[in-house]
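>>> below is the structure, and that's it, no one-letter string:
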């Protein structure tokens, strides 16, 4: 809107100058407004170019800033999922979750089917199929985080001293069935600090499905049972595609 008003004002000024040139200025002075018109044309060209390119560059820069943030949220999610596998709940203790990844082990199980004879009485014997799960060993949780910077997973990349918010809760999925939930998030505004205020404001209000919706980048939810993030599938592609 501001760009439109600037262009409109410049066009009106150009028309006014042209009128003055034709109506009042003698021929020997017409070079002065001609230079002014040329300068105005350059100014208009710059504003139009900038108005087109600024949102494009903003879009590229925000993806570069958001991508490492999303990667850390994925690590937090994976750590919480493994913690849930072992304990049947999530945790909001950040230090505990890091220690869990470093030191904990998960049971390796094997499920087999056995047939047992069941005497129903009166000489009636039937075969009953049962499934038995045995623990056959253990594996370190750390195995799933090789090459991933899990020790710094709670730090928000690009925002000095900031950490992700981490909360846990419960949701009654169906009557009588309460399921644990978790959510980790960080405000987008802090990540985009120093960028165009008008474009940042638009970003915080975005609702398109191919964008990160809302004011936060988050994973999980306290209102529904999910371990998904609010980023689009493009952030799950190889990182080189986000650096082009």
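Alright, I've got the coordinates. Bear in mind the structure is a predicted one, so any value in this text is a computation, not a measurement. Residues are numbered from 1 along each chain as shown.
>>> quick one: low-confidence residue ranges for this structure.
Residues of the chain meeting the criterion pLDDT under 70: 1-34, 36-37, 40, 44, 46-47, 49-51, 238-244.
>>> one more pass at 50, please.
The chain contains residues with pLDDT under 50 at 240-244.
>>> what is the longest helix anywhere in it packed up against?
Counting residues, the longest helix found in the chain (DSSP state H) is helix 31-87. If you count contacts as 3 or more CB pairs under 8 Å, 6 or more residues apart in numbering; DSSP states H and E, helix 31-87 packs onto helix 2-23, helix 94-103, strand 105-121, strand 177-187, helix 188-191, helix 197-204, strand 216-220. All C-beta atoms are positioned from the backbone trio N, CA, C, and that covers glycine.
>>> hmm, who's touching the last one?
Counting by CB atoms under 8 Å, 6 or more residues apart in numbering, strand 216-220 makes contact with 66, 69-70, 73-74, 76-77, 80, 181-188, 191, 226-231, all of which sit outside it.
>>> state the distance from residue 150 to residue 142.
Distance, residue 150 to residue 142, by CB to CB, to the nearest Å: 8 Å.
>>> contacting residues for the closest residue to residue 199 other than its chain neighbours?
Counting by CB to CB, 6 or more residues apart in numbering, residue 58 is the residue found nearest to residue 199 once chain neighbours are left out, at 4.7 Å. Residue 58 sits next to 195, 196, 199, 203 when contact means CB under 8 Å, 6+ apart.
>>> quick one: terminal-to-terminal distance for stretch 91-108?
22 Å (CA to CA, to the nearest Å).
>>> would you mark the buried spots in it?
Within stretch 91-108, the residues that qualify as buried by neighbour count (16 or more other CB atoms under 10 Å) are 91, 94, 97, 98, 100, 101, 104.
>>> among these, which one lies nearest to residue 42?
Using CB to CB, residue 94 is the member of the buried residues of stretch 91-108 that sits closest to residue 42, with 54.3 Å.
>>> quick one: the closest one from residue 225, how far?
Here residue 94 is placed at a distance of 22 Å from residue 225 (CB to CB).
>>> outline the domain layout of this structure.
Residue ranges for the domains of the chain, per automatic domain parsing: 2-51, 61-94+149-242.
>>> ok, residue 173 touching residue 179?
Yes - if you go by CB atoms under 8 Å, residue 173 and residue 179 touch, sitting 4.8 Å apart.
>>> and the angle from the longest helix of the chain to helix 197-204?
Counting by axes from the mean of the first three to the mean of the last three CA atoms, to 10 degrees, helix 31-87 lies at 30 degrees to helix 197-204.
>>> check contacts around the closest residue to residue 65 other than its chain neighbours.
Distances taken as CB to CB, 6+ apart place residue 191 nearest to residue 65, at 5.1 Å, with adjacent residues excluded. Counting by CB under 8 Å, 6+ apart, residue 191 touches 65, 66, 69, 156, 158, 159, 217.
>>> pull out the buried members of those residues.
The neighbour count (16+ other CB under 10 Å) marks 65, 66, 69, 156, 159, 217 as buried among the contacts of residue 191.
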